[in-house]
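Chemist: sequence unknown, structure follows:
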């Protein structure tokens, strides 16, 4: 029985943990090479970093999708790079990472930057009045036969104040493709996005506290 448990549970968990820490280590090395003054050896003295590693590792051991693992890795590396975030938001955002599906993140990204989708741009082209919803359906074809599921996801994102409640509201053509994410939503996306774009001179602060008011 002990041998069965080791092969079925112990060894896979060990491999998963080793692979997780290997990804973190590689990311820290890349930050060390790119960011002036960044020393990964000092991170052990940073309580915020140690706490995030603990939380992210716990979630990573339970994660099934590669995209979720990538988001968790980004959270750790952004924290290591010095992105400052309020403790309340940190706990809230980590809750989102664990609770939201990858579909939630896809919808949030689509509503944050509608112009990045050629299909959504084409849908809105020439419209003088209309709602954002038809364009969202076009931009997310995976929901073509599951509009009800998209409605559930959008409602949950609205309830968390990550997007505006305007997807089905009639608006002028110039507003249809406007950004639909809130300050809080954009801060969450920054929280889980790759730190590849960080530069030496960049102000690494997530400023979303006012969005909670």
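Modeler: Arrived safely. Computed from a predicted model, the values in this text were never measured in an experiment.
Chemist: shaky segments in the chain?
Modeler: In the predicted model, the chain carries pLDDT under 70 at residues 173, 197-213.
Chemist: That one: helices as residue ranges?
Modeler: Under the criterion DSSP state H, the chain contains helices at 2-5, 11-34, 47-60, 66-81, 87-99, 102-112, 118-124, 133-139, 147-159, 173-176, 183-192.
Chemist: Please tabulate the ones you listed in JSON lines, including the columns mean neighbour count and distance to residue 166.
Modeler: All C-beta atoms are positioned from the backbone trio N, CA, C, and that covers glycine. Conversion of the helices of the chain to JSON lines gives the following (neighbours: other C-beta atoms under 10 Å; distance: least, C-beta to C-beta, whole Å):
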{"stretch": "helix 2-5", "mean neighbour count": "8", "distance to residue 166": "53"}
{"stretch": "helix 11-34", "mean neighbour count": "14", "distance to residue 166": "36"}
{"stretch": "helix 47-60", "mean neighbour count": "16", "distance to residue 166": "32"}
{"stretch": "helix 66-81", "mean neighbour count": "20", "distance to residue 166": "26"}
{"stretch": "helix 87-99", "mean neighbour count": "16", "distance to residue 166": "21"}
{"stretch": "helix 102-112", "mean neighbour count": "19", "distance to residue 166": "10"}
{"stretch": "helix 118-124", "mean neighbour count": "17", "distance to residue 166": "14"}
{"stretch": "helix 133-139", "mean neighbour count": "19", "distance to residue 166": "10"}
{"stretch": "helix 147-159", "mean neighbour count": "15", "distance to residue 166": "9"}
{"stretch": "helix 173-176", "mean neighbour count": "16", "distance to residue 166": "9"}
{"stretch": "helix 183-192", "mean neighbour count": "21", "distance to residue 166": "13"}
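Chemist: nearest to residue 165, of those?
Modeler: For residue 165, the closest of these is helix 147-159, at 5.1 Å, according to C-beta to C-beta.
Chemist: From the chain's centroid, how far away is that closest one?
Modeler: How far helix 147-159 lies from its chain's middle: 17 Å, per C-alpha atoms, centre = their mean, to the nearest Å.
Chemist: Let me see the contact set for the residue sitting nearest the centre point of the chain.
Modeler: Taking C-alpha atoms, centre = their mean, the centroid of the chain lies closest to residue 192, which sits 3.6 Å from it. Neighbour list for residue 192: 71, 74-75, 93, 97, 105 [criterion: C-beta atoms under 8 Å, 6 or more residues apart in numbering].
Chemist: tell me the contacts of the residue nearest to residue 140 when sequence neighbours are not counted?
Modeler: Nearest non-adjacent residue to residue 140, counting by C-beta to C-beta, 6 or more residues apart in numbering: residue 110, 5.8 Å away. By C-beta under 8 Å, 6+ apart, the contact set of residue 110 is 117, 120, 136, 139-140.
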